[in-house]
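this one's structure only:
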């Protein structure tokens, strides 16, 4: 069955955001006992064309500006460069990510600003926000040369760094391997490409972040959002990537040791038995169990 996205209702997202910022964090977010930065737009673009009608993201930006709550916004929407949105972003405590892979994708991204248009938007936005990150997600081997060619331009227009993640495919293709539920590039292929992209970034004064889980340690920070070193931006370090690569920072907060704080795991364990058990566990207990799960850990390792 196909859905008409023109009929999507706005719901209570703004009220939920207001409650979260105010510290009301039950259930799946009960473990967040500090002002953990929100990543907004990792799945659905907050500045897509429907925003022109509903202006829900504009209202959210006003709330962010009023509270100073830290967040990352990921978008490729043209509204990013509009003065009324940019004026609000300039008052916010935020890092901006712009999805930008290659001019080759212009023919696929109908309705989105072209690659060239996004470069112009970045140049306008970068001086007004804390940081601007180019989001190369998904990375495909066919665009390797395009990315290298653009890095000097990114430096000139004020980009802070690149975050890069390999494409995940639903169906098997020649040369791909199965990782969890996806078909992915072999890590050896991505590592070779990432090394060149990273070194080119560094030679141009840009940061490099590896959003590819198997190669996270290649990045300049284990947090791939580009928030490292920013005042007021404290990421979660009690996760499997830090368990593997930065054990010193792998420390739970007091709330993570409380029963029920593992409810966030119900998003990936949706059967009734697991759901019931997780709602009684602490996040600390669930993470400790995950460290003993070879199947889960192997998806984060360069060598499996």
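Happy to help now that I have it. Keep in mind that what you see is a predicted model, and the values were worked out from it rather than measured.

mind listing what's buried along the strand or helix carrying residue 151?
Counting by DSSP states H and E, the element that carries residue 151 is helix 144-156. If you call a residue buried by 16 or more other CB atoms under 10 Å, then helix 144-156 has these buried ones: 146-147, 150-151, 154. Every C-beta, even on glycine, is put in place using the N, C-alpha and C of the backbone.

tell me the one of those nearest residue 273?
Within the buried residues of helix 144-156, proximity to residue 273 (CB to CB) peaks at residue 147, which comes in at 45.2 Å.

what sits against that closest one?
For residue 147, the contact set (CB atoms under 8 Å, 6 or more residues apart in numbering) comprises 101-102, 136, 139, 162, 164, 197.

just the ones of these in helices?
Judged by DSSP state H, helices contain the following of the contacts of residue 147: residue 197.

go ahead and build a PyMOL selection from the buried members of the contacts of residue 147.
Selection of buried members from the contacts of residue 147 for PyMOL, criterion 16+ other CB under 10 Å:
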select buried, resi 101+102+136+139+162+164+197
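
how about the helices in the chain?
Taking DSSP H as the criterion, the chain carries its helices at 13-21, 51-54, 56-67, 83-91, 115-125, 144-156, 187-203, 240-245, 272-278, 283-291, 294-298.

and residue 218, which of the ones you listed is closest to it?
helix 187-203 (5.6 Å).

buried residues, that closest one. List them.
Along helix 187-203, these residues count as buried under the neighbour rule (16+ other CB under 10 Å): 187, 190-191, 193-194, 197-198, 200-201.

and those as JSON lines, adding pLDDT and distance to residue 93?
Supplementary listing: the buried residues of helix 187-203 in JSON lines, determined by pLDDT from 0 to 100; distance: CB to CB, whole Å:
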{"residue": "187", "pLDDT": "95", "distance to residue 93": "35"}
{"residue": "190", "pLDDT": "97", "distance to residue 93": "33"}
{"residue": "191", "pLDDT": "97", "distance to residue 93": "34"}
{"residue": "193", "pLDDT": "98", "distance to residue 93": "33"}
{"residue": "194", "pLDDT": "98", "distance to residue 93": "30"}
{"residue": "197", "pLDDT": "98", "distance to residue 93": "29"}
{"residue": "198", "pLDDT": "98", "distance to residue 93": "28"}
{"residue": "200", "pLDDT": "98", "distance to residue 93": "30"}
{"residue": "201", "pLDDT": "98", "distance to residue 93": "25"}
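
which of those lies closest to residue 266?
Within the buried residues of helix 187-203, distances to residue 266 taken as CB to CB reach their minimum at residue 187, with 29.8 Å.

surely that closest one is in contact with residue 216?
No: shown here, residue 187 and residue 216 do not form a contact pair, counting by CB atoms under 8 Å, at 11.5 Å.

what angle separates the helix holding residue 151 from helix 187-203?
Relative orientation of helix 144-156 versus helix 187-203 (axes from the mean of the first three to the mean of the last three CA atoms, to 10 degrees): 30 degrees.

now helix 144-156: how far from the chain's centre is it?
Between the centre of helix 144-156 and the centre of its host chain there is 21 Å, according to CA atoms, centre = their mean, to the nearest Å.

specify the angle between that helix and helix 115-125 in degrees.
An angle of 20 degrees separates the directions of helix 144-156 and helix 115-125 when computed by the same axes, to 10 degrees.

and residue 76, how many neighbours does it have?
For residue 76, the neighbour count with other CB atoms under 10 Å is 22.

could you measure it against residue 105, distance?
Residue 76 is 10 Å from residue 105, where distance means CB to CB, to the nearest Å.

residue 123 now?
Taking CB to CB as the measure, residue 123 falls 20 Å from residue 105.

give me phi/psi at the most centrally placed residue in the chain?
In the chain, the C-alpha nearest the mean C-alpha coordinate belongs to residue 42, at 5.0 Å (CA atoms, centre = their mean). Backbone torsions for residue 42, taken as degrees, to the nearest 10, come to phi -70, psi -20.

for it, give me its contacts.
Residue 42 makes contact with residue 74, according to CB under 8 Å, 6+ apart.

gap between it and residue 210?
Separation of residue 42 from residue 210 (CB to CB): 16 Å.

re earlier: out of the helices of the chain, which gets nearest to residue 259?
Of all the helices of the chain, helix 283-291 sits nearest to residue 259, with 8.7 Å by CB to CB.

for the closest one, give the mean pLDDT please.
Mean pLDDT, computed over helix 283-291, is 93.
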